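Asks: Got a sequence here, can you model it:
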Amino acid sequence: MKKMLTLLWGFLKEKNRWAIALVVVLLLITGGIIKIQRNKIANWKDKYQTEVKLKDALIDTVGYYKNAYGEVVAEKLTIQESIKNLEKIYGQLTDSQKELITRVKELDRKNNLIAAALITANVKIDSLLHGGKTVVDTTSKQVFFSDYYKKTIDDINYEVAYKFTVGKVVPSPITAMPTILIDSLYFPNKQFVDFHYIDDKKKGDPISFSVSNSNGFFNTVDIDSYAIPKLVPEYKSKFSEWYNKNGKWVIIGVGGVAVGTGATYLLLK
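Replies: Alright, predicted model coming up:
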């Protein structure tokens, strides 16, 4: 078998070297065209996914769920787009998104920024019934309330510490008005934040940002986050730009070489 292949190759090499050259050229042309088209399709796909991710992130709202620690987690999609392109649609952004972009621009001037987030949160107290220590001072005509407690409701931890001072509550002139002074109100809280990919190949695995609070009194109202878009190597970006302008002429030119080679082969034959 090996001998037969050797003889066949020798025959082709002696008699049909121009045919071999033509086949090689045609294979190279076909491979080049396929590669260029695949790159173009990949670029179109990346552009589409980028546009979808930006649109979804701009209209996304905060979602809530509980994690393994019984904490309420607030989550929202992250904006992935260049600052230059975001400035083009600045009028379509919310006030929070505009503030985020402004802060990102300021930070990026000083550091190589990777990601950032702007979190809006508040402390919500439905009711707070004093059940701790009470001290009445008849000399200063004041009453002191203080307490520290931690409780869990529906797997959510609530922790609070406070000290209130109420004045002029013991017998005093009728014209005196009662007063209250909040000396301290303390809500211990641990906040955990993270960026993570969402497993969605069709949308290019968008990034989401989440924040959790260990204290149930803290309520995350809104989140807006930013992450630098996927970087494209400079050489690839320049090649894509050049090909979009000149690609068709390259194919025509290489095709012309192939036709010329074929014609030469026919004439020589």
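
Asks: Residue 132 touches residue 161, doesn't it?
Replies: No - with contact defined as C-beta atoms under 8 Å, residue 132 does not count as touching residue 161 (9.5 Å). The C-beta positions use only the backbone N, C-alpha and C, and glycine is treated the same way.

Asks: Between these two, point out the one with more neighbours.
Replies: residue 161 (15 against 12; other C-beta atoms under 10 Å).

Asks: The more buried one against residue 133, yeah?
Replies: No - here residue 161 lies out of contact with residue 133, judged by C-beta under 8 Å, at a distance of 11.9 Å.

Asks: what sits in contact with each of these two?
Replies: Taking C-beta atoms under 8 Å, 6 or more residues apart in numbering as the criterion, residue 161 and residue 133 both touch residue 147.

Asks: returning to what we had before: common neighbours of residue 132 and residue 161, please.
Replies: In contact with both residue 132 and residue 161: 147-148, using C-beta under 8 Å, 6+ apart.

Asks: For the stretch 1-150 of the chain, which segments are assigned as helices?
Replies: 2-15, 17-59, 83-88, 95-110 (DSSP state H, counting those that start in this stretch).

Asks: where among these is the average confidence lowest?
Replies: Lowest mean pLDDT within these: helix 2-15, at a mean of 58.

Asks: Could you count how many residues lie near residue 186?
Replies: Residue 186: 11 surrounding residues under other C-beta under 10 Å.

Asks: my guess is it meets residue 161, correct?
Replies: Yes - the pair residue 186 / residue 161 is scored as a contact, 4.1 Å apart, by C-beta under 8 Å.

Asks: any weak-confidence spans in the stretch 101-250 of the chain?
Replies: 171-172, 230-250 (pLDDT under 70).

Asks: Now with 90, please.
Replies: Scanning the stretch 101-250 of the chain for pLDDT under 90 picks out 105-114, 122-132, 134, 136-143, 149-160, 166-186, 197-206, 228-250.

Asks: Just the strands from it, written as ranges.
Replies: 115-123, 133-137, 142-153, 156-167, 179-186, 191-197, 207-213, 218-227 (DSSP state E, counting those that start in this stretch).

Asks: Tell me which of those strands sits nearest to residue 101.
Replies: Between residue 101 and the strands of the stretch 101-250 of the chain, the tightest spacing by C-beta to C-beta is seen for strand 218-227, at 7.2 Å.

Asks: Can you list the buried residues in the closest one?
Replies: Across strand 218-227, burial judged by 16 or more other C-beta atoms under 10 Å covers 218, 220, 223-227.

Asks: If we only consider those, which is nearest to residue 170?
Replies: Checking the buried residues of strand 218-227 one by one against residue 170 (C-beta to C-beta), the nearest turns out to be residue 218, at 36.7 Å.

Asks: what about the residue lying closest to the closest one once chain neighbours are set aside, how many neighbours?
Replies: What sits nearest to residue 218 in space, not counting adjacent residues and going by C-beta to C-beta, 6 or more residues apart in numbering, is residue 189, at 5.3 Å. Residues near residue 189, counting by other C-beta under 10 Å, number 15.

Asks: Now for residue 189: which residues touch it?
Replies: 159, 213-215, 217-218.

Asks: Got the domain ranges for the protein?
Replies: 69-229, 232-269 (automatic domain parsing).

Asks: Nearest to residue 40, out of those?
Replies: domain 232-269 (7.6 Å).

Asks: okay, the domains of the chain in CSV with distance to residue 49 next?
Replies: Formatted as CSV, these follow (distance: least, C-beta to C-beta, whole Å):
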stretch, distance to residue 49
domain 69-229, 3
domain 232-269, 13
